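Chemist: Build me a model from this:
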Amino acid sequence: MTIQVAADPTGFYGLPSGLASASNVGGNDVTDGETSPTMNFTWSFSSYKQYLNCPKQYHEVKVLKRFHVKPTAQMTYGNEVHKACEDYVAEGKPLAKNYQRFKPVLDTLMEIKGTRYPEQKMALDIKGKACQYGKDYWVRGIVDLMIIDGDTAFIVDYKTGSNKYPEPKQLKLMALMAFAHHPMINHIKAGLLFIVHNSFMTEEYSREDIPQLWDAFRPDLNRIDTSYIKGVWSANPTQLCGWCPVNTCTHHKER
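Modeler: As a prediction, the model looks like this:
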């Protein structure tokens, strides 16, 4: 899929929708994501995904801290690409020779009107209200690139992995944070940029969608909450067990 600059201001400034259509559900005028007051754990999208993949691994790594996930070559590469993109967009730092192929799409993003906020850190409290990133937060995350133009924001998350199974929930969470931190924003155009594959998956949200955006997370957050309350952290054996650091698990596999 080729990403091109287009003159149509109603699109994501020329970036195609690619793998998913826009999400435009209506909703009540609710501006927070208040959940059960027993949810006293903190989370991010990565820890949320870790729990869904395997509650036992989450418990051993995030809660008990008895094991640590070692960086893989793919993770290291992803971090390097993220840093190169951040430096180029934020400071105009030239891309290394092996990352020059990313320049056209990054230049397209830089043509979007508005104020750019690379690596924007945001956090919410238990009521879904904006709070400090490192203090008294309930959930937090970092947007790779956010551009605000009037009452419209553009949110981009760089991905170096496969575009076969995109995860739009990450965009939903970033949108919830953006709405809370920037009251002037009424519309968000968000996208997962699979930069290695030169493809883009986009979604669109309006402020009235906030209740539905939270609904996408509540069932799973309730599951996490129940695990904390009952102390039940079931293993979920999958093909990923060979990469799991929890070698005391009965499902652990040596690669």
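
Chemist: From now on I want contacts and neighbour counts done on CA atoms only, so please keep to that.
Modeler: Fine.

Chemist: show me the contacts for A235.
Modeler: Residues in contact with A235 (Cα atoms under 8 Å, 6 or more residues apart in numbering) are C54, P55, K56, Q57, C249, H251.

Chemist: Farthest-apart pair in those residues, please.
Modeler: P55 and H251 (13.1 Å; Cα to Cα).

Chemist: higher neighbour count, the two?
Modeler: Between P55 and H251, counted using other Cα atoms under 10 Å, the more crowded position is P55 (21 against 15).

Chemist: From what I see, that one and Y228 are in contact.
Modeler: No - in this structure, P55 is not within contact of Y228 by Cα atoms under 8 Å, at 10.5 Å.

Chemist: ok, for K70, nearest residue in space, not its chain neighbours?
Modeler: P245 (7.6 Å; Cα to Cα, 6 or more residues apart in numbering).

Chemist: Who's the closest spatial neighbour of R140, skipping the chain neighbours?
Modeler: A123 (4.0 Å).

Chemist: now W43
Modeler: W43's closest residue in space is V139 (Cα to Cα, 6+ apart), at 4.9 Å.

Chemist: From T76, how far off is the one you found?
Modeler: 24 Å (Cα to Cα, to the nearest Å).

Chemist: Which one's more surrounded, those two?
Modeler: Using other Cα under 10 Å, the more surrounded residue of V139 and T76 is V139, with 22 against 11.

Chemist: and that one, what does it touch?
Modeler: By Cα under 8 Å, 6+ apart, the residues touching V139 are T42, W43, S44, A123, L124, D125, I126.

Chemist: Check this structure for its longest helix and report it.
Modeler: helix 73-91 (DSSP state H).

Chemist: tell me what the helix or strand that it is followed by is packed against?
Modeler: Sequence order places helix 103-110 as the next helix or strand after helix 73-91, per DSSP states H and E. Helices and strands touching helix 103-110, by 3 or more Cα pairs under 8 Å, 6 or more residues apart in numbering; DSSP states H and E, are helix 73-91.

Chemist: list the helices and strands the helix it packs on packs on?
Modeler: Using 3+ Cα pairs under 8 Å, 6+ apart: helix 73-91 touches helix 103-110, strand 115-124, strand 139-149.

Chemist: What residues of it count as buried?
Modeler: Residues of helix 73-91 classed as buried by neighbour count (16 or more other Cα atoms under 10 Å): G78, V81, H82, A84, C85, E86, D87, Y88, V89.

Chemist: again, but for stretch 93-109
Modeler: Applying 16+ other Cα under 10 Å to stretch 93-109 flags L95, F102, V105, T108, L109 as buried.

Chemist: Please tell me how far the fourth one sits from L193.
Modeler: What it means is T108. In terms of Cα to Cα, T108 sits 12 Å off from L193.
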